[in-house]
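this one's structure only:
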């Protein structure tokens, strides 16, 4: 699973006109009141949900991967101890 570019298009289209930038070009805030349609709000919320689900999936995957690496390291240490005895 990976981040989809179409998430960012929605954010740029809906949020871009309301962003306030500082002198360095970074985002400094959002103009208020920030008004979008209910449909657009739901679309952004859905994209945020997808990003969050993807992030949790990746964190879970990498945690499992790291666990397997730790197990492999332990097996290597055990095997090396058997070879030196």
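Cool, the structure landed. Source: prediction; values computed, not measured.

just confirm residue 71 is within a helix.
Yes. Assessed with DSSP: H, G, I helix; E, B strand; the rest coil, residue 71 lies in a helix.

secondary structure element holding the most centrally placed residue in the chain?
Closest residue to the average C-alpha location of the chain: residue 55 at 4.3 Å, with Cα atoms, centre = their mean. Using DSSP states H and E, the element containing residue 55 is helix 38-84.

against which helices or strands is that helix packed?
helix 5-15 (3 or more Cβ pairs under 8 Å, 6 or more residues apart in numbering; DSSP states H and E). All C-beta spots, glycine's among them, are computed from the backbone N, C-alpha and C.

just want the angle from the helix it packs on to helix 38-84.
Interaxial angle, helix 5-15 versus helix 38-84 (axes from the mean of the first three to the mean of the last three Cα atoms, to 10 degrees): 140 degrees.

which SSE is immediately downstream of helix 5-15?
Following helix 5-15 toward the C-terminus (DSSP H and E): strand 19-21.
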